[in-house]
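Participant: quick one, structure for this:
(2 chains)
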Number of protein chains: 2
Amino acid sequence: MKLYELVTGDGASISPYVWRIKYALAHKGLAYEPVPLGFTEIPGAFGGRSRTVPVLEDAEGQVVDSWAIADHLDKAYPASPLFATPETRALSLAFDHHFLAAVARAMFGLCVKDIHDRARPEDQAYFRESREARLGGLTLEAFAADRDARVPALREALGPLRQSLAHTPWICGAAPGYADYLALGCFIWFAAVSTVSPLAKDDPVIAWFERGLDLYDGIGRELTLTPLAA
Amino acid sequence: MKLYELVTGDGASISPYVWRIKYALAHKGLAYEPVPLGFTEIPGAFGGRSRTVPVLEDAEGQVVDSWAIADHLDKAYPASPLFATPETRALSLAFDHHFLAAVARAMFGLCVKDIHDRARPEDQAYFRESREARLGGLTLEAFAADRDARVPALREALGPLRQSLAHTPWICGAAPGYADYLALGCFIWFAAVSTVSPLAKDDPVIAWFERGLDLYDGIGRELTLTPLAA
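Facilitator: The predicted structure follows:
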């Protein structure tokens, strides 16, 4: 099995969508060969079938899109299901949409220039052009200049996650599940690229993140991560 | 069984937390007697055990807090479970936290003065004082004057819900579940008090809301509701 990943200039796999699948594969005990791609290599890598990663390749062919991959894994390798029931899948999807809209967006506001700076040199022009188009005409540098002012927004966006973690060690309850993996993927992406440590030292999100990094022989610790709190 | 509810001056039950329990009871086919209370009657109604509704009373006594009530219902009346597994419960809780932080907050910004105006006359001074304390010193009238400017924020906050509804008829998938009930409760609260119709006519959230109002012999239609779209 091959997993096509997005890498930075130093070879670090940073896509949050790839990381949720890396955890899903580990959850099922499935081995795979990572295939590293830079931002500008991805659109041409799959014969037009996908412009994003992850893409999973197994004996049945290539599967594109992280949710389609998760569904494929549960169908083709049913042991240790990611989704015990259709309702679990629907609720994980609803959580994904809300978590990305609140948390990943707030993280993007803090680390977008850092991603540029860590991208492969040949990817930086593409990254700058595509991301500055989302920033209302600001350059990455102008947007990043206000970065510290956006730290409170990330801390506030994490309020709902803190509420869950006040009751159970994982978002999914007593044991980690796909909702944890997708959230962990966002934090790994952020901590792998960020040059800012935006959280308070006693934020319970940090203890959850550390538990997540410890899962499956510490696969989340293969990257050099910036601490979430200074 | 008795369910203590919050009512306005015309007797309408408006608490979103009460409504999720009304749907949970209907889901299980359990009959109950509603007990109406005004804002200022609630703190003295339970001997100091609760300052909020819903409170459920059955042969085992009074249960306070909507999540404790939901758990009690699944334990005491296990048929038609609200949460099929502990993971379903944890994911519903995580959804609750995110949905309230994004959507209920945006709704509050549109309808807080409307709630005041519909409260029982003897509750209005309490409501004004407690809610104006959350508005940074603004009066309800000053806050409501900017109401239309906050419509886009509600429409944007519903983006994640729309993403779920693009795949399945309910947040919980093929059939409605507790995550739908808690979201429906927010919309019933809003539509029961609001004097604004903030959504676009073709918003798929409206079709979901109408399906929800039809559930269980149309219990959600017992109130006069302001249309979500004009």
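Participant: burial count for A:Leu138?
Facilitator: By other CB atoms under 10 Å in any protein chain shown, 13 other residues sit near A:Leu138. C-betas here are computed from N, CA, C, even on glycine.
Participant: now it: closest residue in space that isn't a chain neighbour?
Facilitator: A:Glu132 (6.8 Å; CB to CB, 6 or more residues apart in numbering or on different chains).
Participant: right, and that neighbour touches A:Ala142 too?
Facilitator: No. The pair A:Glu132 and A:Ala142 fails to qualify as a contact (CB atoms under 8 Å) at a distance of 9.3 Å.
Participant: between these two, tell me which one has more neighbours.
Facilitator: Higher neighbour count among A:Glu132 and A:Ala142: A:Glu132, with 18 against 12, using other CB under 10 Å.
Participant: so who does the more buried one touch?
Facilitator: Residues in contact with A:Glu132 (CB atoms under 8 Å, 6 or more residues apart in numbering or on different chains) are A:Leu138, A:Thr139, A:Leu140.
Participant: closest to chain B out of those residues?
Facilitator: Proximity of the contacts of A:Glu132 to chain B, judged by CB to the nearest CB, is greatest for A:Leu138, which lies at 20.0 Å.
Participant: residue boundaries of the helices in chain A?
Facilitator: Under the criterion DSSP state H, chain A carries helices at the ranges A:16-27, A:66-76, A:86-99, A:105-118, A:124-132, A:140-145, A:151-157, A:159-165, A:178-193, A:204-218.
Participant: redo those helices as CSV? Include mean pLDDT.
Facilitator: CSV is the format used below for those (pLDDT from 0 to 100):
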stretch, mean pLDDT
helix A:16-27, 98
helix A:66-76, 98
helix A:86-99, 98
helix A:105-118, 97
helix A:124-132, 96
helix A:140-145, 96
helix A:151-157, 98
helix A:159-165, 97
helix A:178-193, 98
helix A:204-218, 98
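Participant: quick one: closest of those to B:His97.
Facilitator: helix A:159-165 (3.4 Å; CB to CB).
Participant: and the closest one, what does it pack against?
Facilitator: Where contact means 3 or more CB pairs under 8 Å, 6 or more residues apart in numbering or on different chains; DSSP states H and E, helix A:159-165 is packed against helix A:204-218, helix B:86-99.
Participant: got a list of contacts for that helix?
Facilitator: Helix A:159-165 is contacted from outside by A:98-99, A:102-103, A:171, A:183, A:203-205, A:207-208, B:90, B:93-94, B:97-98, B:100-101, using CB under 8 Å, 6+ apart.
Participant: whichever of these end up buried, select them in ChimeraX.
Facilitator: Of these, the buried ones go into a single ChimeraX selection, burial set by 16 or more other CB atoms under 10 Å in any protein chain shown:
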select /A:98,99,102,103,171,183,203,204,205,208 /B:90,93,94,97,98,100,101
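Participant: quick one: is stretch A:65-82 near chain B?
Facilitator: No. If you take CB under 8 Å from any CB of the partner chain as the test, stretch A:65-82 misses chain B, and the best it gets is 9.2 Å.
Participant: for burial, what's the neighbour tally of A:Gly136?
Facilitator: 7.
Participant: which residues does the nearest residue to A:Val196 once chain neighbours are set aside contact?
Facilitator: Excluding the flanking residues, the one nearest A:Val196 by CB to CB, 6+ apart is A:Leu110, at 5.7 Å. Residues near A:Leu110 by CB under 8 Å, 6+ apart: A:Arg147, A:Arg150, A:Val151, A:Leu154, A:Phe190, A:Ser194, A:Val196, A:Pro198.
Participant: gap between A:Thr8 and A:Ala26?
Facilitator: 21 Å (CB to CB, to the nearest Å).
Participant: do A:His98 as well
Facilitator: Distance of A:His98 to A:Ala26, computed by CB to CB: 25 Å.
Participant: can you check A:Glu57 too?
Facilitator: 18 Å.
Participant: so for A:Gly136, what's the pLDDT?
Facilitator: Predicted confidence (pLDDT) for A:Gly136: 87.
Participant: right, and the helices of chain A - which one's nearest B:Ala45?
Facilitator: helix A:159-165 (26.5 Å).
Participant: who touches stretch A:169-182?
Facilitator: For stretch A:169-182, the surrounding residues in contact (CB under 8 Å, 6+ apart) are A:16, A:19-20, A:23-24, A:27, A:70, A:82-83, A:88, A:91-92, A:95-96, A:99, A:161, A:164-165, A:168, A:183, A:208, A:211-212, A:215, B:86-87, B:89-91, B:94.
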